[in-house]
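Novice: okay, predicted coordinates and the sequence, questions at the end:
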Amino acid sequence: MSTLSPASPASQLNRVCAWLLLGLSVLTALWSVGQLGAALAMDHYGAQQWLASHGLMTSGLLGWVVAHASALSALQLLSCLPCIAIAVGMLRGNNWARLGFIALLLLTAVLNMATLPLLDRLLMDLLTPMLAQIADSGDASGLITELRDARIMLWVSSGLPLLALSAIHVWLARRFDRADIRALFSR
C-alpha cells in the first residue's frame, strides 16, 4: 500500500491561486455577459434619452460611464480571457503563466489604489445635482457638513481595505518570484 506524499507548500499555493483566479475569472465573465446584455438593451430601448428627459442623466464621470456602458462591459468580458489563460497555464506549470500572474497581481495592486479617487468622483457626480437643489433652501449648511463627513468616511472605509488588498497582491507577486515557486514552472 503506497501513501501519497503531501504537496509542497509552494505547490499548494500555486494550485489555490490558480483555482481562485480561474473561478473568479469565470464568474466575472458570466457577470460581464449579463451586464453587456443589459447595457445593449438599455442602448436599444433608449434608456439614456429617458434618463436625460427626466433630469436623471448626470455629467462628468458617471455620465461617461453610463454613455459607454456597452464598451466597458465588453472590455470587462475581454479582460477575463487572459486571466482564464493564465490560470490554466499555472495549473499546467507554464512559466509564462507565472510571469503573467505576477504582472496581473501588480497591475491589480495599482488599479486598487486608482479606484479610490474614481469612487470619490462618482460620489460627487451623484451629489452635485442634489446639492444644487438643496442650496436654494436654508438647510444646506447642515447637509453639506454631513456630506463632507460621509466623503471622509468613504476615503477611510474604502482606502484602508484597498491598501491592504494592494499589499497582499504585492506580497503574492514577490512570493511567486521565489525559487521554490519558480521550480514548479518548467516550461
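Specialist: Done, it's in.
Novice: just how off-centre is the helix or strand that contains residue 105 within its chain?
Specialist: Assigned by DSSP states H and E, residue 105 belongs to helix 95-134. In terms of C-alpha atoms, centre = their mean, to the nearest Å, the centre of helix 95-134 is set 7 Å apart from its chain centre.
Novice: other SSEs contacting that helix?
Specialist: Counting contacts by 3 or more C-beta pairs under 8 Å, 6 or more residues apart in numbering; DSSP states H and E, helix 95-134 is packed against helix 9-44, helix 60-67, helix 69-92, helix 140-175, helix 179-182. In short, each C-beta sits where N, CA and C put it, glycine included.
Novice: flag the shaky bits of the protein, pLDDT-wise.
Specialist: 1-6, 55-59, 135-140, 187 (pLDDT under 70).
Novice: rewinding a little: let me have the helices and strands packed on helix 95-134 in TSV, extended by mean neighbour count and distance to residue 98.
Specialist: Listed next are the helices and strands packed on helix 95-134 as TSV, based on neighbours: other C-beta atoms under 10 Å; distance: least, C-beta to C-beta, whole Å:
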stretch	mean neighbour count	distance to residue 98
helix 9-44	15	8
helix 60-67	15	34
helix 69-92	17	7
helix 140-175	13	10
helix 179-182	13	7
